Each structure stands twice: as structure tokens, then as C-alpha cells.
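Student: Everything below, folded, please.
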Amino acid sequence: MGEGKKEFLVFILEKSNYNIFKKIQFAICNLTFAILLASCANIVAPTGGAKDTAPPKMISSSPKKGAVNFTDKNFRVNFNEFIKLKDKEVLVSPPLKTAPKVKLRGKAILVSWKDTLKENTTYTFVFGDNIQDITEGNTLNNFQFVFSTGSVIDSLTYSGKVLDAATGNALENVSVMLYKENSDSMPSKQKPYYLAKTNKDGTFEFNYLKEGKYKIFALKDENYDLLYNLPNEKIAFSDSLISISKNTLPITLQLFENFQNKKQQLKAIKRLDGISYLFLFNKKIKSLPCTAEKGFNDFVQIAKNDSLQLFLTKKVNFDSLQLHIISDDLDTIFKIETKADSIIWRRTRLNVMANFQIKNSAVKPNESGRKQNSMLIASSNSSTKTISKFSDELNFNKPMFLIFNHPIAIENLKTNFVLIEDTGKFKTTIKPEINNGAAFQQKTKINYNFKEDHLYEIVGRKNQFTDVANISSDSFHISFVYKAQRHFGNILLAIKTDSTQQNLMVELLSSDGSTVSRERFSGKKIAWDFLPAGQYNIRLLVDKNGNGFWDTGNYFLHQQPESYLRYTNDVLVKPNWDTELEWKLK
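Tutor: Numbering: from 1, shown residues only. Coordinates of the predicted model:
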């Protein structure tokens, strides 16, 4: 009965009030949509929940971590959340002949390999910091998976640090290798038994080692083959075997490159402008022994570390000029094609001829429309400022140098150079003393008793100075302030040592690593005065041969490189303040 009434009512609505019903239905739909839209617009992020900072956690594995008598060629590790890998590189110790394959399966890592494992050996698969959760990128630090093909897991550890012998800086991502055999040719012919990598601070750690004696090496492996087989690869070694036990102390290894094995080589020639050429070598050079064809010997050389600039002092009145460079370990011919404005460079070592052509657009000297010489100014702290910078500063108690891009005629400079001193009330024109020396100089010292906080100007007229090729300077204007003593601080260093080593060189370094001061340790306090405020570092060179410079080693001759020691902390220099330090050497 009730069902019939219900059907009748519906029938009545559909038949008699169909249009009204459709309007009501449409209004209800619109109202529902509006409510949903409003609720969507007001959605906000959940509050009160802490951000996920926990790294992924291993919950199981197959086989179990630390399994013994392992015979398979794969394993699986399961985590408590979805993961990702920064990269799929995994470090295996002892190394496998072919790299293992690493695959991701949601919350799991699958590792497989083709090699047959050694008997009674503990294997460690080091993932480092590669494993992260997929949501927040939280890192699982230094994750390792270990198993043994024998009945026991080796449990000893061994640690140390790798430093760059040439700087004393810690080195990252250097391979550290342990060998069971005692052979000098091992790092060149045989892959290591155990392998580790250095961290950002240069430290490394071996885990799951077997007790015994080992030979240790560190290698900057440029071709990733775990062999010392490239001339540019750096190596470090211990003078004796290390005995690994529960009480073995950490080791510090000094990484170096065998520079002694390298002969002098000309790496490149660059044409700087119409009269100057830059020669780049693979090691330090003092001069360039060369002869020119056609009796042309009008050139000047200026050497600096591993580069040398050659300046033509006269116009080349022919299409090309060939120079022959020859010394004990260098035999090179190069030709300047003046019309083509290029360099033909030909090497003649070992009866092998190689031709190089370096094209470089530049105007030639003594031609109309030639480029004018530009002038540079620098203080003795090795910073150079171009004339395009209007104002600068000269540090207190530091001499001023004028540096030119070409050697300039000193007599001409003495005659025409003037300095303007501005006291704030009036300006005075000064003729400062200029150092004597060679007739043409690229860098010359200006001697004057500068006054604190005073402004100085150097104004040059066009064609006022001339260089080795009789090219004239352009006009320029330089201004700088001579900073007062109150802006600078001092360091006083006392070194305490019981060592009988007499040849110690002490170096002060700026925050960017450049050398501020370098001197031999005499046993007395060292004072570094009038330093700009900022961070500094101190290092000490153990100069075994007493030549005043760092010398590299030679692995095949069993020669260790000279080493650097670094002061523990950076040193903060404050304005108008003395910083006193004591360094106890062990």
C-alpha cells in the first residue's frame, strides 16, 4: 500500500509539475556546487605535524646483514619507506672485476653481480650517502652491507686522512687502497684487496678488516681503473707496511704528483696583442733560449712561474718570422705569420712533427689605428687594479707599483710621471722617486712617503709614455686613498718545537689561499704587521733540502714529498688589534 502511494506521488510530480521540479533540481545542483567550491577554496595545509627529518631505515634484507657462508650473486635490502639513490655507484671491498648492478624496487634495493666471489672473504658494499627517502630527501649516512663467504665476519677497522702534499689541504674522493702483498709495482699492476674513499674532510675508514700486515696507498684515480698508470695521477704511500690490529693508530698520507718525471714542455702560445706573445709551459721556466731567422733578434723576455712573455721591439718587415726554441729537454719551432695574423707552431721532439696554428686577431705594431697601451696600478700585496676602476685603496705601509702590459721606457717614465696629493684643502703635484733598473720595465716601484687617509691621483696624457716597440700610452686617470694604520691588525706567532729540524718555512695565507707572507723560521717570534682585517691561515713547510720551496716526491725512488703542517684554526685579524698565537709542534 505504501509503495503504491509513493509511486503515485512521483507520478503526479512528473506529470503535473514537471517544469517546477526541474527548476528546483537545477537550483539544488547549483547550491551544492557552490558549497563544494567554497570548501575547496578554504583548504589549508595540515598544521601541527612535524616535518619528516628521519632517514630511511633498513627493516630487513635477504640474506641477513652479516650473513656467513654466502654463495649467491645478489642481495636485497628493504627499507621502511620509498627511497631514491643520488647515484647508483656502490663501492665494493674487495673490488669485483665488473661493477655490480644496482636497481630500485619501491622500498627496496637489489644488487647483483657476475663475478665469482673469493672463498673465506668478508665483502663490504659501501653505498656512502647515496640513499635518501623520496619525499624529503633525508639521507641515510654511510650505509654498508656486509657478508662473508666464510664462516666468520672480519671486524677490525682502520682510519686515516689524505692531504695534498703541495698545499696541506684535505682531499675528497681519493681512493685509499690496501694490499696483502709487499711489492712496489702493485699499484700499477694489481687492484687492491680493500678499498675506501675519502670524505670532504679528507678522512677515510676501512671496516670489516682481517688482522695482518698491509701495504697502503692513496690514489687520485683519473681513469677509474684502480691502477696507478697515468702520468697525471697523484699517489701517496707509507714507507713501511702497516700492521692492522685492535690498537692500530690512524695514518696521514701525503698525495703528490711525480713532477720529476716530466720534461719541460711548451703547452701553448697565445698572441696577446700586436707585439706580445704568451708562452705557457708545464713547469716553471726562467728564460726561453731561442734564435730567430733572418737575423731578427729584437725581442724582450719576461718570465713568471710557468709562463713567459715575449715582446717584439721592432716592426717585422716580412710576412713571417720563425723562432727556434731549444734547450736540454725542449725542442720547438714556431712561426709568426704576420700577414695572416696567426702562429704556426711545430714540435720536433722524437722525430715526430706536429703542426699547430693559432689564429688570433690583433693589430701589428707601428701601424696607424694601432691599439694604445693601457696602464695598470697595484700595491705590493699582489692585487692589480685596471685604470677602468676610478678609485681604489693603497694599504698602509705597502709600496706602490706601476704595472704595464708592455715593458715601458723607465727614463721616459721618470721624466713624465707625476703624482697629485689631495689633502682635502688643496692639491699638490709631486715628483716621486722611481726605482732604477733595466731600461725597459713592466713593473716598477714608486717611492714616496704617503700620508694616511689622503687622496692621491695619477693623471696621464695621451702619448705620454712609450714601450719597447715605441707604442704610446693612452690617456688615463687613477685615484686612490692611502688607508690609515687604524684599519689594520697584527699577528704575533710563537712556534714551540723540540724538533731538530732546522729548515722550516712559515707561510701566512689569505682567506682565498693566496700567500701573504713567507719566511724561514729562525726560532724567534714571527710578526706580521699591518694586515687588512679578515680571516687568515698559517702553514709550515718542512723544507728537508733547505731550498726554500716545496719539493714533490717520487714513488718509484721511495722519496716522500716535503710536507706542510697547518695551524689548527683560521686566524681572525681585527682592525687596530694584536692577535697573539702559540703553535706547539709535535
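Student: mind checking how far the closest residue to Trp577 other than its chain neighbours is from Pro55?
Tutor: Leaving aside its sequence neighbours, Trp577 sits nearest to Gly489 (C-beta to C-beta, 6 or more residues apart in numbering; 4.7 Å). All C-beta spots, glycine's among them, are computed from the backbone N, C-alpha and C. Gly489 is 44 Å from Pro55, where distance means C-beta to C-beta, to the nearest Å.
Student: hang on, the earlier thing: does the residue nearest to Trp577 sit in a helix or strand, and which one?
Tutor: Under the criterion of DSSP states H and E, Gly489 resides in strand 488-496.
Student: What is the subsequent helix or strand relative to that strand?
Tutor: Next element after strand 488-496 (DSSP H and E): strand 504-510.
Student: Other residues contacting the helix or strand just after that next one?
Tutor: Counting by DSSP H and E, the next helix or strand C-terminal to strand 504-510 is strand 515-520. With contact meaning C-beta atoms under 8 Å, 6 or more residues apart in numbering, strand 515-520 is reached by 381, 503-510, 526, 528, 531, 536, 543, 548.
Student: Nearest to Tyr228 among those residues?
Tutor: Using C-beta to C-beta, Asp543 is the member of the contacts of strand 515-520 that lies nearest Tyr228, at 26.9 Å.
Student: While we're on that closest one, how confident is the model there?
Tutor: pLDDT recorded at Asp543 is 92.
Student: what do you get for Ala362?
Tutor: pLDDT, Ala362: 32.
Student: give me the number of residues near Leu171?
Tutor: Neighbour count of Leu171, defined by other C-beta atoms under 10 Å: 22.
Student: returning to that earlier point: which elements pack onto the strand holding Gly489?
Tutor: With contacts taken as 3 or more C-beta pairs under 8 Å, 6 or more residues apart in numbering; DSSP states H and E, strand 488-496 sits against strand 504-510, strand 526-532, strand 534-542, strand 571-573, strand 578-584.
Student: can you rerun that using 6 Å?
Tutor: For strand 488-496, the elements it packs on are strand 526-532, strand 578-584, judged by 3 or more C-beta pairs under 6 Å, 6 or more residues apart in numbering; DSSP states H and E.
Student: and that strand, how far from the chain's centre?
Tutor: Offset of strand 488-496 from its chain centre (C-alpha atoms, centre = their mean, to the nearest Å): 28 Å.
Student: where in the protein is pLDDT low?
Tutor: 1-49, 184, 259-263, 274, 290-297, 315-393, 499-502 (pLDDT under 70).
Student: quick check: domain ranges of it?
Tutor: As assigned by automatic domain parsing, the chain contains the domains 58-148, 156-257, 262-359, 375-483, 487-584.
Student: export the ones you listed to TSV and tack on distance to Ala50?
Tutor: Below are the domains of the chain laid out as TSV (distance: least, C-beta to C-beta, whole Å):
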stretch	distance to Ala50
domain 58-148	11
domain 156-257	29
domain 262-359	56
domain 375-483	50
domain 487-584	36
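Student: what's the closest of these to Lys51?
Tutor: That would be domain 58-148 among the domains of the chain, by C-beta to C-beta, at 7.1 Å.
Student: if you skip the residues just before and after it, what's nearest to Lys101?
Tutor: Ser112 (5.1 Å).
Student: Please, which helix or strand holds His477?
Tutor: strand 476-482.
Student: With just CA atoms, put that strand into CSV.
Tutor: C-alpha atoms of strand 476-482 as CSV (Å, rounded to 0.1, in the frame of the first residue of the first chain):
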residue,chain,number,x,y,z
PHE,A,476,94.2,57.6,-18.1
HIS,A,477,93.2,58.8,-14.6
ILE,A,478,93.7,56.8,-11.4
SER,A,479,92.7,57.8,-7.9
PHE,A,480,93.2,56.0,-4.6
VAL,A,481,93.2,56.5,-0.9
TYR,A,482,96.2,55.6,1.3
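Student: Which positions within that strand qualify as buried?
Tutor: 476, 478, 480-482 (16 or more other C-beta atoms under 10 Å).
Student: With stretch 248-261 instead?
Tutor: By 16+ other C-beta under 10 Å, the buried positions in stretch 248-261 come out as 248, 251, 253-259.
Student: With stretch 54-67 instead?
Tutor: 55-56, 61, 63, 67.
Student: between these, which is nearest Arg271?
Tutor: Distances from Arg271 to the buried residues of stretch 54-67, taken by C-beta to C-beta, are shortest for Pro55, at 56.1 Å.
Student: which element is that closest one on?
Tutor: Pro55 is part of no helix or strand when elements are defined by DSSP H and E.
Student: hang on, isn't it packed against Asn141?
Tutor: No - the pair Pro55 / Asn141 is not scored as a contact, 7.2 Å apart, by C-beta atoms under 6 Å.
Student: can you give me the strands for the stretch 101-250 of the chain?
Tutor: For the stretch 101-250 of the chain, the strands defined by DSSP state E, counting those that start in this stretch cover 101-105, 108-112, 122-128, 131-133, 139-140, 143-148, 156-164, 175-179, 194-197, 203-209, 212-219, 235-237, 242-244.
Student: what's the closest of those to Phe440?
Tutor: Closest among the strands of the stretch 101-250 of the chain, using C-beta to C-beta: strand 156-164, at 39.0 Å.
Student: now Ser155: how far from Phe450?
Tutor: For Ser155, the distance to Phe450 equals 68 Å [C-beta to C-beta].
Student: for Glu89, that is, sorry about that
Tutor: Taking C-beta to C-beta, one finds Glu89 at 58 Å from Phe450.
Student: Between the two, which has more neighbouring residues?
Tutor: Shown here are Glu89 and Phe450; by other C-beta under 10 Å, Phe450 has more neighbours (20 against 15).
Student: residues in contact with that one?
Tutor: Tyr482 (C-beta atoms under 6 Å, 6 or more residues apart in numbering).
Student: ok, residues contacting stretch 151-170?
Tutor: With C-beta under 6 Å, 6+ apart as the criterion, stretch 151-170 contacts 66, 68, 122, 171, 174, 198, 201-211, 218, 244, 248, 250-256, 539, 550, 561, 564, 566.
Student: Which positions within it qualify as buried?
Tutor: 153-154, 158, 160-166, 168, 170.
Student: do the same with stretch 303-312
Tutor: Across stretch 303-312, burial judged by 16+ other C-beta under 10 Å covers 303, 307-312.
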